[in-house]
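Asker: got a predicted structure here, sequence first:
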Amino acid sequence: MYKYDLHIHTAECDKYAWVGGAEIVRRYKDTGYDGLVITDHYESRMLDWFKDEIGTNDKEKIINRYLRGYYSARNEAEKIGFTVLCGAEVRFEGNINDYLIYGLEEQDFYSLPLLNKLQNIEELSAVLPQNAIIVQAHPFRNGMTVCSSNNIFGIEGYNGCTEKFRNEMAKMFASHYKKAITSGSDFHEISTLAKGGIETHKKINSPIDLVNILKSGDYKIIESY
């Protein structure tokens, strides 16, 4: 079985994360994982955190800065035979709902509009490439609202930084609406290392491989309480 964590934040791109991309890769490799998806926060806070570095509203500069943690992780992964994919955790203005995006290639971030500037999940769905999918992250945290099941592929039914009863509610919601259930550690620090993800019989080498596995349902979620 191959193991992949689908929800990872890096110190390069998140003021609330404490471990850099390269070290994350080494530690996950040591725990027996085969890969992970970098899902740094893609929201207005990111622009505020690094406004002195970005300096302008130039999209290319913003995306270069946003992908720094991914680049760090990917470069280390290439040295040690590990898979690192590029994803995102998107949040719009006006609420605190978070949406995990899978299936994006690195170049897609440069061709897409700034995702945090979109108004809602409908607009996000409309601009994403055909193969990309949207999973609502930890939807039963305080202050969050579950969006219409019509607009998402799946629900994060296990989140390594969320209480068990909230995760169970997420899984119940997903099951009721026949949505895919995913899992991720929501890694920010060592205490959340390797607490979530998926196990699958098939090796994942690319974003489309991951999307195909999730669409097939041929995987088991990892849970660690």
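Answerer: Now that the structure is in, tell me what you want to look at.
Asker: leaving out chain neighbours, which residue sits closest to residue 201?
Answerer: residue 1 (6.4 Å; Cβ to Cβ, 6 or more residues apart in numbering). Placement of C-beta: from N, CA and C, glycine included.
Asker: per-residue confidence at the one you found?
Answerer: Note on residue 1: pLDDT of 95.
Asker: now do the contacts for it.
Answerer: 199-201, 220 (Cβ atoms under 8 Å, 6 or more residues apart in numbering).
Asker: residue 16 now?
Answerer: Taking Cβ under 8 Å, 6+ apart as the test, what residue 16 contacts is 9, 188.
Asker: hang on, the earlier thing: scan the contacts of residue 1 and report the most crowded one.
Answerer: Most neighbours among these, by other Cβ atoms under 10 Å: residue 200, with 20 neighbours.
Asker: tell me the bridge partners for it.
Answerer: Beta-bridge partners recorded for residue 200 (DSSP bridges): residue 2.
Asker: out of the helices and strands in this protein, which is least certain?
Answerer: Within the chain, confidence by mean pLDDT, DSSP states H and E is lowest for helix 51-54 among all helices and strands, at a mean of 79.
Asker: strands of the chain, start to end?
Answerer: Secondary structure of the chain (DSSP state E): strands at 2-8, 35-38, 41-42, 83-86, 88-90, 99-102, 133-136, 154-159, 180-184, 196-200, 220-223.
Asker: out of those strands, nearest to residue 206?
Answerer: For the strands of the chain, the distance to residue 206 is smallest for strand 83-86, at 7.4 Å, taking Cβ to Cβ.
Asker: who's in contact with residue 144?
Answerer: Contacts of residue 144 (Cβ under 8 Å, 6+ apart): 95-98, 138.
Asker: nearest to residue 67 among those residues?
Answerer: Distance ranking of the contacts of residue 144 against residue 67, using Cβ to Cβ, places residue 98 first at 18.5 Å.
Asker: how near is the closest one to residue 127?
Answerer: According to Cβ to Cβ, to the nearest Å, residue 98 stands 18 Å off from residue 127.
Asker: these two: who's more crowded?
Answerer: Higher neighbour count among residue 98 and residue 127: residue 98, with 25 against 12, using other Cβ under 10 Å.
Asker: so residue 93 touches residue 114, yeah?
Answerer: No. Counting by Cβ atoms under 8 Å, residue 93 sits too far from residue 114 to count as a contact (11.6 Å).
Asker: name the residue in those two with the higher neighbour count.
Answerer: residue 114 (15 against 11).
Asker: quick one, phi psi at that one?
Answerer: Taking degrees, to the nearest 10, you get phi -60, psi 110 for the backbone angles of residue 114.
Asker: give me the pLDDT value at it.
Answerer: We note a pLDDT of 93 for residue 114 in this prediction.
Asker: what's the answer for residue 140, then?
Answerer: Note on residue 140: pLDDT of 96.
Asker: one more: residue 151?
Answerer: In this model, residue 151 is scored at 85, pLDDT.
Asker: not counting sequence-adjacent ones, nearest residue to it?
Answerer: Computed as Cβ to Cβ, 6+ apart, the closest residue to residue 151 that is not its neighbour in sequence is residue 121, at 4.5 Å.
Asker: who are the contact partners of that neighbour?
Answerer: Residue 121 neighbours (Cβ under 8 Å, 6+ apart): 92, 97, 99, 134, 147-148, 151-152.
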